[in-house]
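Visitor: just a sequence and a predicted model for now, questions to come.
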Amino acid sequence: MKIIYNEAKQEVILDQVSDFDITQTLTCGQCFRWHEMGRHLFRGVVFGRVIDVEQLDDHTVIFYRVDRPFFEAHLVDYFDFGTDYRVIKEDLIERDDAVKQAIAHGGGIRILNQEPFELLLSFIISGNNNIPRIAKSIEAVASAYGSLIETIDGKAYYSFPTPDQLETVTVEDYRQLGVGYRDKYLRDAVETILEGRIDLDRLLTADYKLLKETLMLIKGVGSKIADCVILFAFKNKSAFPVDTWVKKIIRTYYSEELTKNEDILKFASEHFGVHAGVAQQYLFYYARKIKL
DNA sequence: CACCAGGTAATTC
DNA sequence: GAATTACATGGT
């Protein structure tokens, strides 16, 4: 991948990008704070900044409002540019025809490496919820308690709040934002972290089992949400979140015997191996696309 | 007006 | 232990 920095214009141009479709990647349900501003053009808030990303063709991507230090410190890792998805897809395509078909439809998806605290709260909100309302609730939390970054075209953009910024926020405050019964879960997550019972930074080096059982100490975090956090924020591509869509696709294309979430997780882990989480995203995207 | 949405915790058998 | 139910809210 070739990188061209235009410091004067605060632009970063990527050439020879492969296995990347910005629309698939940013609309496949793994992230909630990107907005489509135009064809193949998105604006989002990440790492305390508002940035724009545009894909010109299969191999060319431009970042706006981004300088070299920011790109190198955050975006290379965020978009997982260090990972060769061709290798992962070749591995998965060998496994079965269903995932092969899913890759034919969503092979441009990359797993974003997102900020752990924001991702944790985002997926606590996601439970038994729909994606538009998840996004709305996250924006409500950010604009109420995050820091104002800048105003663009009359619209204010806020960073996602830190645990410290949420220290005095009560269950009732969360409820007022419209998050519903997840209010107490959000409060529990913040308290757990502020009291040091869970240190997200330290968990970066923990193995899957320890990481999952630690995350599940938080009220409102069960197996599925823990796996989402592990996959989308802890760079572990073997995590396989079992949600309603994946359940449907497993029953339809793999086995009708697999009904319990625990059994599906066990099957998928063995069947897909170390890249199970990537397979999950391809399957999730495909199932939703064909309205399975 | 039921039913659903990237589930989980509490309750019950 | 394995199955059932309640849970906020907004959209069909």
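Guide: Received, thanks. Values in this document were obtained by computation on a predicted structure and should not be read as measured data.

Visitor: what's across from residue A:57 in the sheet?
Guide: Residues in a beta bridge with residue A:57, per DSSP bridges, are residue A:60.

Visitor: quick one: pLDDT of it?
Guide: Model confidence at residue A:57, given as pLDDT, is 98.

Visitor: residue numbers of the stretch 1-150 of chain A in contact with DNA strand B?
Guide: By the rule CB under 7 Å from any atom of the strand, the part of the stretch 1-150 of chain A lying against DNA strand B is A:28, A:29, A:30, A:126, A:127, A:128, A:129, A:130, A:131, A:133. Heads up, the C-betas are built off the backbone N, CA and C, glycines and all.

Visitor: Serialize those to a markdown table and add fields for pLDDT and secondary structure.
Guide: Output for these, formatted as a markdown table (pLDDT from 0 to 100; DSSP: H, G, I helix; E, B strand; the rest coil):
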| residue | pLDDT | secondary structure |
| --- | --- | --- |
| A:28 | 97 | coil |
| A:29 | 97 | coil |
| A:30 | 98 | coil |
| A:126 | 98 | helix |
| A:127 | 97 | coil |
| A:128 | 98 | coil |
| A:129 | 98 | coil |
| A:130 | 97 | coil |
| A:131 | 97 | helix |
| A:133 | 98 | helix |
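
Visitor: can I get the buried part of these as one ChimeraX selection?
Guide: Selection of buried members from these for ChimeraX, criterion 16 or more other CB atoms under 10 Å:
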select /A:28,29,30,126,127,129
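
Visitor: quick one, strands of the stretch 51-200 of chain A?
Guide: Counting by DSSP state E, counting those that start in this stretch, the stretch 51-200 of chain A has strands at residues A:60-64, A:148-152, A:155-158.
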